[in-house]
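[1] would you be able to build a 3D model of this:
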Amino acid sequence: MVVEPKSPGQVALAYRDFKSYLIARFCIVIALEMQAVAVAWQVYEITRRPLDLGLIGLAQFLPGFVLFLPAGHTVDRHNRRTVLIISYATSALCSALLLMFSLYRTTSVYPIYAVVILLGSTRAFAFPASRALLPQLVPQEHFSNAVAWHSSFFQAGTILGPAVGGLLYAFFRGAPGVYATAMVIAAVAAIATQRIKTKTAARSRAPVSLANVLAGFRYIWSHKLILGSISLDLFAVLLGGAVALLPVYAREILHTGPWGLGLLRSAPGVGAAAMAILIAHRPIKSNSGPIMLWCVAGFGVFTIIFGISHNLVLSLISLLLVGASDMVSVVIRAILVQLGTPDEVRGRVNAVDMLFIGASNQLGEFESGLTAHWLGTAPAVVLGGVGTLVVIAIWAWAFPELRRTDEVSAVENMQ
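    All right, here's what the predicted structure looks like:
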């Protein structure tokens, strides 16, 4: 349903179902981000080992790796809104379990890892369902604007979530207050998703087979522009991500507490949200591929600066610029994947994309923790930033399609 007309920069917000979708995404991101701060700080307080922070990322990644094929097939065969509601409700359950463990003052990290694994399983279904549902909520001519607003709300959640999580952890002197709040907010996300009324187009209920399940892989492999863009993000963020080590930076290098950790985790979101709003009002209309490559290179440079910083303000500015650089790549890649993919395989393609993103984020956290365990925290981050720059050079040569891409809307013709 369409409401009052909007200015060109806000045209996607005229669709009520899209606004309900945004509210749900905003809430679930806040819940997950504030919970991530509490989990990381709680685990580090128990063990004081950077490697255990990396294991949090591994615990989230492994379920997605195991489930991404059946998850994508499920999303293409069933009601995507229903899949999202169940996923968000399960996220609320995970928060309740963490709350229970925290109230019982567990001194073992294994129950926490078990819940993180369940949460990773939930996200394996939520991510492709959410991404595949989005193009059905707005007309194709307004989709680029919808992606920019979706990214803005997502990043607003990544700003508020860690900041609120860190403040609540400090105020309540522990994790229970954070987990209780996250549980309520995740439940609100499920309720907001229930309000979406868009009737999705009928999709083929092809029998379950290996060929059908692998359709997403085949589609991505046959379209080198999509393959290049999502694999670039995979390796750049896998090497350059420093989020898992922020508790170590907060406590050992910058000498701050949970509130400082919340600010550090929020800083990339501030930069990303500002960039997303800018893109919503001033879309990237030309030189999209080169812009994406240069911005990912900026991601690597600002990661190196963060790695060598011992000043809280400089660290926050570096992370803010990391987020702004990354957001350009996120928006361009999202448009490439969504507009370049037919609806009947969109769930499976997004499941593969989720695997790539999960590998870059959660597996990247494990890589960061492992490298920090071997080399030290700052050398691990700096080495990761250098690795990102190497990846950019290789991908610019290996995927000339990325260098030549002008308007991202041109990928509509790939269908």
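[2] same for the host helix or strand of Thr90, what does it pack against?
    Taking DSSP states H and E as the definition, Thr90 sits inside helix 80-103. Judged by 3 or more C-beta pairs under 8 Å, 6 or more residues apart in numbering; DSSP states H and E, helix 80-103 is in contact with helix 16-47, helix 110-133, helix 176-194. For the C-beta atoms, the positions are set from N, CA and C on the backbone; glycine is no exception.
[3] Leu336: which of those is closest?
    Of all the helices and strands packed on helix 80-103, it is helix 110-133 that lies closest to Leu336, at 12.4 Å by C-beta to C-beta.
[4] spatially nearest residue to Cys94 (excluding sequence neighbours)?
    Using C-beta to C-beta, 6 or more residues apart in numbering and skipping the chain neighbours, the partner closest in space to Cys94 is Leu119 (4.6 Å).
[5] am I right that the one you found is in contact with Gln60?
    Yes - with contact defined as C-beta atoms under 8 Å, Leu119 reaches Gln60; the gap is 6.7 Å.
[6] centroid residue for this structure?
    Ile357 (7.0 Å; C-alpha atoms, centre = their mean).
[7] name the element that residue belongs to?
    Using DSSP H and E, Ile357 maps to helix 343-358.
[8] buried residues in that helix, which are they?
    Using 16 or more other C-beta atoms under 10 Å as the test for burial, helix 343-358 gives 345-358.
[9] helices or strands next to the helix or strand containing Ser315 in the packing?
    Element membership of Ser315 [criterion: DSSP H and E] is helix 312-339. Packing contacts for helix 312-339, counted by 3+ C-beta pairs under 8 Å, 6+ apart, involve helix 110-133, helix 143-171, helix 224-240, helix 258-281, helix 288-308, helix 343-358.
[10] before we move on, back to that, alpha carbons only: can I get the helix holding Thr90 in CSV?
    Coordinates of each C-alpha in helix 80-103 appear next as CSV, following Å, rounded to 0.1, in the frame of the first residue of the first chain:
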residue,chain,number,x,y,z
ARG,A,80,9.4,-15.3,3.2
ARG,A,81,7.6,-13.2,5.8
THR,A,82,6.8,-16.3,7.8
VAL,A,83,10.4,-17.4,7.7
LEU,A,84,11.4,-14.0,9.1
ILE,A,85,8.8,-14.0,11.9
ILE,A,86,10.0,-17.4,13.1
SER,A,87,13.7,-16.3,12.8
TYR,A,88,13.1,-13.1,14.8
ALA,A,89,11.1,-15.0,17.5
THR,A,90,14.0,-17.5,17.8
SER,A,91,16.4,-14.5,18.2
ALA,A,92,14.3,-13.4,21.2
LEU,A,93,14.5,-16.9,22.6
CYS,A,94,18.3,-16.8,22.3
SER,A,95,18.3,-13.5,24.3
ALA,A,96,16.2,-15.2,26.9
LEU,A,97,18.7,-18.1,27.2
LEU,A,98,21.6,-15.7,27.5
LEU,A,99,19.7,-13.8,30.2
MET,A,100,19.1,-17.1,32.1
PHE,A,101,22.8,-18.0,32.0
SER,A,102,23.9,-14.6,33.1
LEU,A,103,21.5,-14.5,36.0
